[in-house]
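Undergrad: I need the structure of the sequence given here:
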Amino acid sequence: MKNLSIRFRITLWFTLALIAVVLFTCFVVLYADHQIIQKTVRDNLVETVENNVDEVEFYLKKEYTDPGETDYYIAFGRGYLEIDDDFLDQVNEVYTGLYHEDGLLIYGENPISRNVSELKFSDSKIQRVKVKDSLFYVFDRRLELKGLEGMWLRGVVSAKQGTAHMSNTAQMSLLFLPIMVLVSAIGGYLLAKRMLLPVHEISESASAIGTGGDLKKRIEIGSGNDELHQLAKSFNGMFQRLEESFEAEKKFTSDASHELRTPVSVIIAQCEYSLEKPRTNEEYEEALETIQRQGRKMSKLINDMLDFTRLEMRAESYVCEPFDLSELVQSVCLDMSLIQEKGIVLKCETEERLRFCGNRQLLSRLLTNLISNAFRYGRENGHIFVKLASKEDQILLSVSDDGIGIAKEEQDQIFQRFYQADNSHSGSGTGLGLSMVKEIARFHGGEICVESEIGVGSTFCIIFKI
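TA: Next up is the predicted model:
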């Protein structure tokens, strides 16, 4: 079953369900038809007997009859029984007989008279009698007119009277129902093929993307809003994200290679320079210092890249928990104020006891990166202001400086990986700091914005929802 196509399995289950419904319907129809026919047979029996009640009369002497009439006279007691020519002794397989209460058949027919000779008369009731595995209905009617005391009309009809009709119904069912099932199965198979065509298109497109590597290709199955069109839209959205991720990774790899190429080239050049010929101790020491400096730069870059990748690809490894954000900001600012680089003064203003649910390590990294950038691009004897405050359902964290500022055309690019606005300060950074800040803010459901003016300074503001 698992190796069969979905189209065939849908058609198979549809056909089996249809067969079950048809069989049940056939059973219900035949059962209902049988019940209706049997009731019709019984009603016909009662009607025939009731009609014959008025066709039997008693006379003391024979009455004059028209020569054209065929009334029948039977001597009975002190007179005669007149059987009208309208008396139906047999009609539509219903047999009616005139009986004396002692069981003697006086007039009419009864095909099972021997079998019902001991059956007691029961006025206006239908009785059932089995004769050689055949069911018969018997209906008795007492005659109450004067002179007819002790006389009964007994009607008999076979329950098989409707067998022919039932047989025709069964034959028609056996003929047309299988044809209907076959036609429906073929129609279901073709309909399943048409309905699953978008799935085939999705499979073909996904296969083409997988084998050809063309992430720009999209699934085109026309307009619509059913489940398959929604699936196609989901796949297209996934392909869009894959394309964006792939392009980002390509750029990341290219940028990383570019950033690593310079320190590697410097290290190789220093090694080759030192090995060309004997050098003085001062030259060896200078070469080793250069190699050490470039090695540390590479190490920091690699660590930043690993941290960034971990945050981007394995964010679930960072656990979030409630903590005092005010205490964290004060602690980071206290540590960073010890740098005392360029005579820059760091000031911190925080609202007390602001609690936030997040990851302490990441938020500490976010604030450290922003303050480090402020030191790196700040002016001599400048200032850095860190502020933490709450507003309605938001927490605002800002880091401001009075440094060189950022040009407006560059403010949209500074959060890109490896981008550095001022190349004169690039030697001390990896270009991943602000990218990491943005990713940490996104991880916590926050937003980051920047306001900056050349020669005046910059303000980075993080907005968290609480």
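Undergrad: all contacts plus neighbour counts: C-alpha atoms, from now on.
TA: Fine.
Undergrad: Counting by contacts, list what the top helix by length along the chain packs against.
TA: Secondary structure of the chain per DSSP state H: the longest helix is helix 227-276. Other elements packing on helix 227-276 under the criterion 3 or more CA pairs under 8 Å, 6 or more residues apart in numbering; DSSP states H and E are helix 197-212, helix 281-313.
Undergrad: Report the distance from that helix to the chain centre.
TA: Distance of helix 227-276 from the chain centroid (CA atoms, centre = their mean, to the nearest Å) equals 37 Å.
Undergrad: That one to helix 281-313, inter-axis angle?
TA: 170 degrees (axes from the mean of the first three to the mean of the last three CA atoms, to 10 degrees).
Undergrad: so helix 227-276 versus helix 197-212, what angle?
TA: Going by the same axes, to 10 degrees, helix 227-276 makes 10 degrees with helix 197-212.
Undergrad: tell me the average confidence for helix 227-276?
TA: Averaged over helix 227-276, pLDDT sits at 78.
Undergrad: of all the helices and strands packed on helix 227-276, which lies closest to residue 327?
TA: helix 281-313 (23.8 Å; CA to CA).
Undergrad: Give me the buried positions along stretch 143-156.
TA: Residues of stretch 143-156 classed as buried by neighbour count (16 or more other CA atoms under 10 Å): 143, 147, 148, 151, 152, 153, 154, 155, 156.
Undergrad: for the closest residue to the second one other than its chain neighbours, what are its contacts?
TA: Read it as residue 147. In this structure, residue 147 finds its nearest non-sequential neighbour in residue 58, 5.6 Å apart by CA to CA, 6 or more residues apart in numbering. Contact partners of residue 58, counting by CA atoms under 8 Å, 6 or more residues apart in numbering, are 79, 80, 81, 82, 146, 147, 148.
Undergrad: Give me the subset of the residues you listed lying in helices.
TA: Going by DSSP H, the helices hold none of the contacts of residue 58.
Undergrad: In CSV, list the residues you listed along with distance to residue 97 and pLDDT.
TA: Listed next are these as CSV, based on distance: CA to CA, whole Å; pLDDT from 0 to 100:
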residue, distance to residue 97, pLDDT
79, 20, 83
80, 17, 83
81, 14, 84
82, 14, 85
146, 19, 85
147, 18, 83
148, 14, 86
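Undergrad: Go through those and name the one nearest residue 89.
TA: Of all the contacts of residue 58, residue 89 sits closest to residue 82, with 14.2 Å by CA to CA.
Undergrad: tell me which element the residue lying closest to the closest one once chain neighbours are set aside is part of?
TA: In space, and not counting its chain neighbours, residue 82 is closest to residue 73: 4.7 Å by CA to CA, 6+ apart. Using DSSP states H and E, residue 73 sits within strand 72-76.
Undergrad: which other helices and strands contact that strand?
TA: Packed against strand 72-76 by the contact rule (3+ CA pairs under 8 Å, 6+ apart) you find strand 79-83.
Undergrad: buried set for the strand it packs on?
TA: Buried residues in strand 79-83 (16+ other CA under 10 Å): 80, 81, 82, 83.
Undergrad: From those residues, pick the one nearest residue 183.
TA: When the buried residues of strand 79-83 are compared for distance to residue 183 (CA to CA), residue 83 wins out at 59.9 Å.
Undergrad: The closest one reaches residue 57, doesn't it?
TA: Yes: counting by CA atoms under 8 Å, residue 83 touches residue 57, with 6.8 Å between them.
Undergrad: now the residue nearest to residue 157 when sequence neighbours are not counted: how far from residue 86?
TA: In space, and not counting its chain neighbours, residue 157 is closest to residue 94: 4.8 Å by CA to CA, 6+ apart. Distance from residue 94 to residue 86, counting by CA to CA, to the nearest Å: 15 Å.
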